[in-house]
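Visitor: Kindly return the folded structure for what I paste below:
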Amino acid sequence: MSEVILDIRNMNVALGPHLAVKDVNYQIHAGEILGIVGESGCGKSLTSLAIMGLLDNKLNLSGEILFQGENLVGMSEAHYQRVRGEGIGMIFQEPMTALNPVVTVGEQVAEMFLVHDNVSKAEAMNRAIEMLNQVHIPFAEKRAKAYPHELSGGMRQRVMIAMALACKPKVLIADEPTTALDVTVQAQVLDLLEELRETTGTAIQFISHSLGVVSQISDRVMVMYAGQVVELADVNDIFDNPQHPYTQALLDTIPRVGVDIERLPAIPGSVPPLDQRGENYTFRDRCPDLFNHYQQVAKERNLGIRSK
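Guide: Reported below is the predicted structural model:
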């Protein structure tokens, strides 16, 4: 097993008396891709923002975030700025809002080198063009002079990846990086992330609503519900032999090739807001019948009574 690069221990994120993220524990190894899935409001993005030190001031973080053995919780902002980019990079969900609309994409990538490597503007721009080439943006020198609105959604996402990788981080957090991209461009972005993992050894925390996408790219998968980790296992185990009822319910919403049904199954209701969860809220509280059904399915599967 490769080196543990990121170790999350007993992480809690609270808004007043309410826990938005509750007792989260997991590790990411060097060169690994960990997929994180769950409905909106389950704490996936909040967990990532906590790792990056970008939580809103109204939120209270506790627990440990160990990056290469160093606890980031309580770290000064000046120190955290060095960790961001050099240690941990992040691809945000919507590049059009994350990128500065009045600055060329080349200048925005170059800024990473100016801030972290203290090089000249000319050297920073040369490195920026190299990064745009690395993420397979054609005519990189020309595209570096473009503004975000002049690029396609897929190209903007590649610019975000170039920025995140500029300082060779050990961990890359990708928060819904394929959202709003068509299937072809989505596949290109996934291929690029896998290529970068192979060539640089970067560990990737990959957040997505799409179970199909996660199954393609991940080594392990973590399932979150209402701010808690309900299942964490090898990708094949998650998809072939899920144990938690919520994981099974999510998987049943995936369309199956060759299966003719009038309507796809849907999980009733939605993840309740923080003030309606209660201290010991679980998926059973939302869907007791569904919870009991899937619990029995898992039990029978484990005993070999029911085929997958």
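Visitor: Counting neighbours, what do you get for the nearest residue to residue 194 once chain neighbours are set aside?
Guide: Excluding its sequence neighbours, the residue lying closest to residue 194 (Cβ to Cβ, 6 or more residues apart in numbering) is residue 217, at 6.3 Å. Just so you know, the C-beta spots here come from the backbone N, C-alpha and C atoms, and that holds for glycine as well. For residue 217, the neighbour count with other Cβ atoms under 10 Å is 20.
Visitor: What of residue 200?
Guide: Quick note: residue 200 (other Cβ under 10 Å) scores 15 neighbours.
Visitor: Which residue is the nearest non-sequential neighbour of it?
Guide: Residue 200 sits nearest to residue 168 (Cβ to Cβ, 6+ apart), 6.8 Å away.
Visitor: hang on, the earlier thing: return the residues in contact with the residue nearest to residue 194.
Guide: Counting by Cβ atoms under 8 Å, 6 or more residues apart in numbering, residue 217 touches 33, 35, 190, 193, 194, 206.
Visitor: Next, work out how far apart it and residue 159 are.
Guide: Residue 217 sits 20 Å away from residue 159, going by Cβ to Cβ, to the nearest Å.
Visitor: any low-confidence regions in the stretch 1-150 of the chain?
Guide: Low-confidence segments of the stretch 1-150 of the chain (pLDDT under 70): 1.
Visitor: Let me see the ranges of the strands in it.
Guide: Taking DSSP state E, counting those that start in this stretch, the strands of the stretch 1-150 of the chain run over residues 4-15, 18-29, 33-37, 59-67, 70-71, 88-91.
Visitor: Reformat the ones you listed as CSV; add distance to residue 120 and mean neighbour count.
Guide: Conversion of those to CSV gives the following (distance: least, Cβ to Cβ, whole Å; neighbours: other Cβ atoms under 10 Å):
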stretch, distance to residue 120, mean neighbour count
strand 4-15, 32, 18
strand 18-29, 35, 19
strand 33-37, 35, 25
strand 59-67, 30, 17
strand 70-71, 31, 12
strand 88-91, 23, 24
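Visitor: can you redo those strands as TSV with distance to residue 143?
Guide: What follows is the strands of the stretch 1-150 of the chain, written out as TSV (distance: least, Cβ to Cβ, whole Å):
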stretch	distance to residue 143
strand 4-15	32
strand 18-29	32
strand 33-37	27
strand 59-67	33
strand 70-71	37
strand 88-91	18
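Visitor: follow-up on the earlier one: secondary structure class of the residue nearest to residue 200, three-state.
Guide: Classification of residue 168 using DSSP: H, G, I helix; E, B strand; the rest coil returns coil.
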